[in-house]
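Q: Kindly generate the corresponding structure for this input.
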Amino acid sequence: MNPKYEAVIGLEVHAQLLTDTKIFCGCSTKFGSLPNSNVCPVCLGHPGVLPVLNKKVVEYTVLMGLATDCRINEKSVFARKNYFYPDLPKGYQISQYEEPICEFGKVTIEFKDGSKKDIGVTRIHMEEDAGKSIHDLGDDTMIDLNRTGTPLMEIVSEPDMRSAEEAVLYLNKLKQVLLYLGICDGNMEEGSLRCDANISIRLKGETKLGTKAEVKNMNSFRNVEKAIEYEIERQIDIIEDGGKIIQQTLLWNAELNQIFPMRTKEEAHDYRYFPDPDLMPVIVDEKWRNEILSSLPELPDARRERFVSQYKLPVYDAQILTSSRELADYYEQVLTETDDYKTASNWVMTDVLKTVNEQKISVKDFSVTPQNLGKLVSLISKNTISGKIAKEVFPEMILSEKDPEVIVKEKNLVQISDTSELESAITKILDANPKDVQDYLGGKEKAIGFFVGQIMRETKGKANPQIVNELLKKKLEERR
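A: Have a look, this model is predicted:
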């Protein structure tokens, strides 16, 4: 990017809410149903029908507002956004305009170096989704209205981002919060999390905003990053060549890694917004607001800080463990069986996450319960088994779903800590390797690793490593 310029980026994020039914009717929101099977006269916009607001939609939107430090407006109003498109059966979309439900919040993003930045949230409001036009089933465009009326929450940021990196960090943080709240599944590929970027450039030091272009059709975090970077460079090239930026809507083509014009960008007055006469204002009084607030879970930033302070974990560990609510819950349930916080963290971050990723499942569907993993960690901490034996027990736990204590007993894997038994094994190994003994006594201290390996093989991995090291050094010194 040309250092003379800076980018000014704002994101409009649409999150599909995890309600069972649509925003203004009782039709199912289930993804993947037969085309036009989840529809009724209300979402099809038949004459004479009246919409009825889904209470859950209000509660979920307020929950997100609270999680992003927004002001929750006691009164908000639905408006009709008028435009014609084949997959919009009513000829208008019910949304919110001048009086949204949430305003003036912020989301804090954190960079790799630990520095932070607040991104302002202009507003969060409720609206209904449109249908879907399908263009790849022949010469005709097909219309599927199953999605019509699906509840959306639109989160509009301030133009506070200055790079594609910041935009992706912000979008990631929004997704993390949505998943923690359990109100959106965050699946960009299925369209349940969608992002449009408003991008402009200006000379560094300038305060006036440049002409913006809106980029759509970005269905992954990687595509968001690539599309924003492409559009920034496109605008800089136009300005450097003496041209002017046109306010327009653009589509990102992920296959070609290019942006193409879609239409000239509309202004708000083009949509002829006016209050919806069929819907009463939404009133969120203090009592209802407090009820919703009481259901707000511990959010990722607060949970990460608590993991560092309460469990004395490194920041890196805490970041990974709190990356999702399910993983953080799993870790804390492991701790019901052990107080070895760091060892538990290591097992969750490596062995558990590796297996979960390989099996392409959620941690909540993992066959090893957190309680059983906690018992395994406890067996290591109490020196009942060695870490090496634990690595052999863990795969058996995955396959059989058995308690680790049962597996250890069945396979006779209890760690040998009996000094007399270990002394006998050590003496046998030292007698069998006189040259290595002399090497060690002659100053080659690395030879001790050879002896430890031989002793572990002799005891089939069951020897207590700490006791082995102590006894081994003692026995070697006795041979000087």
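Q: Would you mind confirming that Asn379 makes contact with Ile407?
A: Careful, residue 379 is Leu; it's not Asn. No. Taking CB atoms under 8 Å as the definition, Leu379 is not a contact partner of Ile407, at 9.9 Å. C-betas here are computed from N, CA, C, even on glycine.
Q: and those two? which has more neighbours close in?
A: Taking other CB atoms under 10 Å, Leu379 and Ile407 do not tie; Leu379 has more neighbours (24 against 20).
Q: Make sure that one is indeed in a helix.
A: Yes. Judged by DSSP: H, G, I helix; E, B strand; the rest coil, Leu379 forms part of a helix.
Q: Burial check on the closest residue to it other than its chain neighbours, number of neighbours?
A: Nearest-residue entry for Leu379: Ile385, 4.9 Å, with adjacent residues in sequence omitted and distances by CB to CB, 6 or more residues apart in numbering. Neighbour count for Ile385, taken as other CB under 10 Å: 24.
Q: any idea how far Arg202 is from Ile385?
A: 63 Å (CB to CB, to the nearest Å).
Q: and what of Met397?
A: Counting by CB to CB - Met397 and Arg202 are separated by 58 Å.
Q: quick one, which of the two is more surrounded?
A: A count of neighbours by other CB under 10 Å puts Met397 above the other of Met397 and Arg202, at 21 against 18.
Q: what sits against the more buried one?
A: By CB atoms under 8 Å, 6 or more residues apart in numbering, the residues touching Met397 are 367-368, 372-373, 376, 404, 407.
Q: now Asn73
A: Residues near Asn73 by CB under 8 Å, 6+ apart: 99-103, 284.
Q: list the contacts for Leu209?
A: Applying CB under 8 Å, 6+ apart, one finds that Leu209 lies in contact with 8, 159, 200, 202.
Q: can I get the residues you listed in JSON lines with secondary structure?
A: Formatted as JSON lines, the contacts of Leu209 follow (three-state DSSP):
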{"residue": "Val8", "secondary structure": "strand"}
{"residue": "Pro159", "secondary structure": "coil"}
{"residue": "Ser200", "secondary structure": "strand"}
{"residue": "Arg202", "secondary structure": "strand"}
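Q: Tell me the one of these nearest Ser76?
A: Pro159 (23.4 Å; CB to CB).
Q: got the buried residues for the helix or strand hosting Gln371?
A: Under the criterion of DSSP states H and E, Gln371 resides in helix 370-381. Going by neighbour count (16 or more other CB atoms under 10 Å), the buried part of helix 370-381 is 370, 372-380.
Q: ok, so of these, who is nearest Arg71?
A: Using CB to CB, the buried residues of helix 370-381 come closest to Arg71 at Pro370, 38.3 Å.
Q: ok, the closest one touching Glu326?
A: No. With contact defined as CB under 8 Å, Pro370 does not count as touching Glu326 (10.6 Å).
Q: follow-up on the earlier one: using a markdown table, lay out the contacts of Asn73 together with secondary structure, pLDDT and distance to Leu293.
A: Listed next are those as a markdown table, based on DSSP: H, G, I helix; E, B strand; the rest coil; pLDDT from 0 to 100; distance: CB to CB, whole Å:
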| residue | secondary structure | pLDDT | distance to Leu293 |
| --- | --- | --- | --- |
| Glu99 | coil | 96 | 21 |
| Pro100 | coil | 98 | 19 |
| Ile101 | coil | 98 | 14 |
| Cys102 | strand | 98 | 13 |
| Glu103 | strand | 98 | 17 |
| Val284 | coil | 98 | 11 |
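Q: Pull out the CA atoms of stretch 157-168 and give them to me as CSV.
A: This file holds the C-alpha atoms of stretch 157-168, laid out as CSV (Å, rounded to 0.1, in the frame of the first residue of the first chain):
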residue,chain,number,x,y,z
SER,A,157,-19.3,-0.4,12.8
GLU,A,158,-17.8,3.1,12.8
PRO,A,159,-15.3,3.7,10.0
ASP,A,160,-12.5,3.1,12.5
MET,A,161,-10.5,0.4,10.8
ARG,A,162,-7.4,1.3,8.8
SER,A,163,-6.3,-2.1,7.3
ALA,A,164,-7.6,-5.5,6.2
GLU,A,165,-5.9,-6.9,9.2
GLU,A,166,-8.0,-4.8,11.6
ALA,A,167,-11.2,-5.6,9.7
VAL,A,168,-10.5,-9.4,10.1
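Q: residue ranges with poor pLDDT in the stretch 151-300 of the chain?
A: For the stretch 151-300 of the chain, the stretches flagged by pLDDT under 70 are 263-269.
Q: So which residues of it form strands?
A: According to DSSP state E, counting those that start in this stretch, the stretch 151-300 of the chain carries its strands in the segments 151-157, 193-203, 213-218, 248-253, 258-264, 274-275, 282-283.
Q: closest to Leu422 out of those?
A: strand 193-203 (57.4 Å).
Q: Give me the buried positions along the closest one.
A: 193-202.
Q: Please apply the same query to stretch 62-79.
A: Applying 16+ other CB under 10 Å to stretch 62-79 flags 62-68, 70, 72-73, 76-79 as buried.
Q: Also stretch 39-51?
A: Buried-residue list, stretch 39-51, by 16+ other CB under 10 Å: 39, 42-45, 49, 51.
Q: Need the winner for burial among the strands of the stretch 151-300 of the chain.
A: strand 151-157 (a mean of 24; mean count of other CB atoms under 10 Å).
Q: quick revisit: what score does the residue nearest to Leu379 have for pLDDT?
A: Ile385 is assigned a pLDDT of 85 by the prediction.
Q: those helices in the stretch 201-350 of the chain, which residues are they?
A: 221-240, 286-294, 300-311, 315-321, 325-334, 341-347 (DSSP state H, counting those that start in this stretch).
Q: Of all the ones you listed, which one comes closest to Thr148?
A: helix 221-240 (25.4 Å).
Q: Please report the distance of the residue most central in space within the chain from Cys70.
A: Closest residue to the average C-alpha location of the chain: Gln176 at 4.1 Å, with CA atoms, centre = their mean. Separation of Gln176 from Cys70 (CB to CB): 17 Å.
Q: again with Ser381
A: If you measure Ser381 against Cys70 using CB to CB, the figure is 44 Å.
Q: Likewise for Thr322?
A: Separation of Thr322 from Cys70 (CB to CB): 22 Å.
Q: got it, and Pro404?
A: 46 Å.
Q: how about TSV for the contacts of Met397, with distance to Gln235 and pLDDT added?
A: Output for the contacts of Met397, formatted as TSV (distance: CB to CB, whole Å; pLDDT from 0 to 100):
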residue	distance to Gln235	pLDDT
Ser367	51	96
Val368	51	97
Asn372	56	97
Leu373	51	98
Leu376	56	97
Pro404	59	96
Ile407	62	94
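Q: May I see these arranged in CSV, with distance to His135 as well?
A: Formatted as CSV, these follow (distance: CB to CB, whole Å):
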residue, distance to His135
Ser367, 43
Val368, 46
Asn372, 51
Leu373, 49
Leu376, 53
Pro404, 55
Ile407, 56
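Q: right, and out of those residues, which lies closest to Thr148?
A: Of all those, Thr148 sits closest to Ser367, with 40.1 Å by CB to CB.
Q: quick one: contacts for that closest one?
A: Contacts for Ser367 (CB under 8 Å, 6+ apart) come out as 397-399, 401.
Q: Good, we can wrap up now.
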